[in-house]
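Chemist: This is a predicted model, with the sequence first.
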Amino acid sequence: MDAPNTPQPIDGKDKFTGKRLVLLSSESSFNQASEEAKNSSLRLANSLDYQSDTNNYKKAFQDADGIVFERFGVAVINENHEDQIKNLTASASSRQTFLYTEPERYLYALTPAEMTLWQRICAIFFPPKRNPGAPIQTPEPPLQKPPSYRDDATAYWGLHATKVLESSFTGKGINLAILDTGFNTEHPDFQGRSITTASFVESEPPNDLNGHGTHCAGIAAGDTNRENNIRYGVAKDANLYIGKVLSNEGTGSDSGILAGLEWAIQNNCKIVSMSLGGSVQKGESYSRIYNDLANKLMAQGMIIIAAAGNDSRRNSGIIRPVSHPANCPAIMAVGALDQEMAIADFSCAGINTDGGEINVAAPGVAVYSAYRAPQLHQMLSGTSMATPFVSGIAALLWEEFPEESPEGIWSKIQQYALEVGLPSSDVGSGLARAVS
C-alpha cells in the first residue's frame with residue numbers, strides 16, 4: 001500500500017526526489033526480490049556490489065532500475081516506475097515480498113547560520129530570558145529555578161550542563177557513527193584518534209567543506225581545543241565513524257542515508273547520530289519505512305539519535321512539528337535548550353499525534369566545537385548541536401553498561417535526564433546527562 005504524498009515543506013525546500021522507497025519482508029533475500037521484480041520489468045542492483053567505492057553506490061541507479069539494501073530489506077527505485085511498483089505491492093505473487101512504498105525524501109543539515117562575534121558575546125554574557133513559547137501542555141511547577149550554565153577555563157557550558165565531566169567514562173571501545181557532511185580529517189584536535197571515514201556523496205571525498213559534520217563530530221566525540229586546553233567534546237575516546245551522506249552544500253536524500261546506515265551497521269557501530277532531516281507539516285505522519293528500519297537496527301544492536309528540527313520561531317508564536325526522520329517512534333528525537341534551560345526559539349515540538357514526540361533535550365544554543373578549515377572552531381546553534389551531546393552520552397553509558405541493549409541505553413538516557421520545568425512536548429524527559 002502506498003503512503004500518501006504530503007504537501008511541500010514550510011521552508012520551501014524540495015521535499016521529494018521522485019524515487020520510491022519500498023519495504024521488503026524480513027524473510028526476503030535479494031535474489032528473491034530481484035526475480036520477482038523482473039516479472040514486473042524492474043532490474044534491481046544489490047548495494048553490496050558497490051561497497052568497494054562507497055560514494056559510487058548511486059551508479060546502481062544507472063546500471064539498474066533501483067538498488068536493494070538487503071540487510072535492511074529496503075529497495076530504492078528510480079522515478080517513472082510507479083506502475084511497476086504498484087504491481088509489485090498489489091499482485092498476489094509478490095505482495096509477500098514487496099510490502100509497501102513511500103516517496104524518497106530530500107534531507108538537509110539542520111542548523112541556523114554561524115554566529116557572529118557579537119552574537120557569541122551576547123549568548124555568553126547576556127543569555128536570552130526564559131521563553132518556552134506557547135506550551136502544548138502545562139508542566140508541573142518546578143521545585144526550584146532550573147540551573148544556568150557558563151563556559152569556563154575547564155570546559156564549555158554544554159559539558160557542565162550534561163555532567164560529562166562528572167562521568168568516569170570516555171566512550172572507550174564504543175563505535176559511534178556521525179552521518180552528516182563529512183569531517184575535517186586534518187583537524188589538529190583529532191590527530192592520533194581512531195577515525196574511519198567514507199563518502200556516500202557522488203564525486204565528493206569524506207573531507208568536510210561545509211563544517212556542519214565536523215562540528216557535530218566534535219561535540220559527540222571530540223576532546224579539547226589543543227590551543228586553549230578547554231574541553232568541548234563528550235565521548236573523547238569513542239571510535240569515530242564518519243559517513244558523508246550530505247553534500248558540501250548540506251543536502252542529501254534517503255538513499256544516501258540508507259547507504260550510510262548500512263555501512264555503520266557493517267562496522268559494528270552501536271550509535272548513529274544524525275543531525276539532519278526534512279520539514280514535516282502539522283498532522284503529517286512519520287515514515288513507516290524508517291521506523292521499521294530503526295526497529296530492525298535496534299534488534300541488531302544499534303540506536304539512532306536524530307535532531308528534532310529547527311523550523312519553529314517560538315518568539316513569533318510559531319511552533320512546528322518534529323522533522324523527518326526524528327519523528328519516527330523508534331528514533332530518539334532531541335530538542336535544544338539554551339544556557340538558562342529555556343527551550344531554544346527554533347526547536348521543534350511534539351505536536352503531531354501520530355509519532356513525532358520529543359524524547360530528550362540537550363544544549364543547542366551557542367555551542368562551541370570543531371569546524372572546517374581554516375576556522376577550525378566555531379560556535380553554532382541548532383538541534384543539530386543538541387543531538388551529538390546525546391549520542392556522546394550514549395557512548396559513555398554503553399561503556400559503563402556494556403551488556404545493555406539499545407532499548408536499555410535509551411531508557412537510561414531518559415532516566416538520567418534532569419527535569420527542567422518545561423513541557424514534555426518540548427524537552428521529553430528533560431536535559432540529557434551523563435550521570436544521574
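Modeler: Received the coordinates, thanks.

Chemist: switch to C-alpha atoms for all contacts and neighbour counts from now on
Modeler: Noted.

Chemist: Tell me where the stretch 151-300 of the chain has strands.
Modeler: With DSSP state E, counting those that start in this stretch, the ranges of strands along the stretch 151-300 of the chain come out as 175-180, 195-199, 239-244, 251-253, 271-274, 276-277.

Chemist: what stretches of the stretch 51-200 of the chain score poorly on pLDDT?
Modeler: 92-95, 111-145 (pLDDT under 70).

Chemist: Quick check: longest strand in the protein by residues?
Modeler: Longest strand of the chain, by residue count under DSSP state E: strand 98-109.

Chemist: That one packs against which elements?
Modeler: The contact analysis (3 or more C-alpha pairs under 8 Å, 6 or more residues apart in numbering; DSSP states H and E) places strand 98-109 against strand 16-24, helix 82-90, strand 251-253, helix 254-266, strand 276-277.

Chemist: rerun that using 6 Å as the cut-off
Modeler: strand 16-24, helix 82-90, strand 251-253, strand 276-277 (3 or more C-alpha pairs under 6 Å, 6 or more residues apart in numbering; DSSP states H and E).

Chemist: returning to what we had before: nearest to Tyr106 among the strands of the stretch 151-300 of the chain would be which one?
Modeler: The closest of the strands of the stretch 151-300 of the chain to Tyr106 is strand 251-253. By C-alpha to C-alpha, the value is 4.2 Å.

Chemist: Starting from the closest one, tell me which strands it pairs with and how they run.
Modeler: Applying DSSP bridges, strand 251-253 is found paired with strand 98-109 (antiparallel).

Chemist: contacting residues around the partner strand?
Modeler: 1-3, 15-17, 19-24, 89, 250-254, 276-278 (C-alpha atoms under 6 Å, 6 or more residues apart in numbering).

Chemist: list the buried ones in whichever helix or strand Glu35 is part of?
Modeler: Glu35 belongs to helix 30-38 when assigned by DSSP states H and E. Residues of helix 30-38 classed as buried by neighbour count (16 or more other C-alpha atoms under 10 Å): Phe30, Ala33, Ser34, Glu36, Ala37.

Chemist: repeat for stretch 277-295
Modeler: Buried residues in stretch 277-295, counted by 16+ other C-alpha under 10 Å: 277-281, 284-295.

Chemist: most centrally placed residue in the chain?
Modeler: Here the mean C-alpha position of the chain is nearest to the C-alpha of Met274 (C-alpha atoms, centre = their mean), at a distance of 1.8 Å.

Chemist: for that residue, which residues make a bridge with it?
Modeler: Beta-bridge partners, per DSSP bridges, of Met274: Ala306.

Chemist: quick one, the top helix by length along the chain and strand 175-180 angle?
Modeler: Selection of the longest helix in the chain by residue count, based on DSSP state H, yields helix 383-400. Counting by axes from the mean of the first three to the mean of the last three C-alpha atoms, to 10 degrees, helix 383-400 lies at 170 degrees to strand 175-180.

Chemist: And for helix 383-400, what's in contact with it?
Modeler: 110-111, 169-171, 216, 219-220, 234-235, 273, 275, 307, 309, 334-336, 362-364, 434.

Chemist: 7 Å - rerun?
Modeler: Residues from elsewhere that reach helix 383-400 (C-alpha atoms under 7 Å, 6 or more residues apart in numbering): 110-111, 169-172, 174, 216, 219-221, 234-235, 271, 273, 275, 305-310, 334-336, 347, 361-364, 367, 404, 409, 432, 434.

Chemist: buried subset of those?
Modeler: If we count by 16+ other C-alpha under 10 Å, the contacts of helix 383-400 have these buried: 110-111, 169-172, 174, 216, 219-221, 234-235, 271, 273, 275, 305-310, 334-336, 347, 361-364, 367, 409, 432, 434.

Chemist: just to revisit the earlier point, for the longest strand of the chain, what is the distance to the chain centroid?
Modeler: The gap between where strand 98-109 is centred and where its chain is centred comes out at 16 Å by C-alpha atoms, centre = their mean, to the nearest Å.

Chemist: Only whichever of the contacts of strand 98-109 are buried, select them in PyMOL.
Modeler: Buried residues within the contacts of strand 98-109, by 16+ other C-alpha under 10 Å, are selected in PyMOL with:
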select buried, resi 2+15+16+17+19+20+21+22+23+24+89+250+251+252+253+254+276+277+278
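
Chemist: Quick check: the gap between Ser275 and Ala75.
Modeler: The gap separating Ser275 from Ala75 is 24 Å, by C-alpha to C-alpha, to the nearest Å.

Chemist: scratch that, Phe190
Modeler: Following C-alpha to C-alpha, the distance that separates Phe190 from Ala75 is 36 Å.

Chemist: Lys86 too?
Modeler: 14 Å.

Chemist: More neighbours: those two, which one.
Modeler: Using other C-alpha atoms under 10 Å as the criterion, Lys86 and Ala75 rank with Ala75 on top: 25 against 17.

Chemist: hang on, the earlier thing: compare the strands of the stretch 151-300 of the chain and give me the one nearest Gly66.
Modeler: strand 251-253 (14.4 Å).
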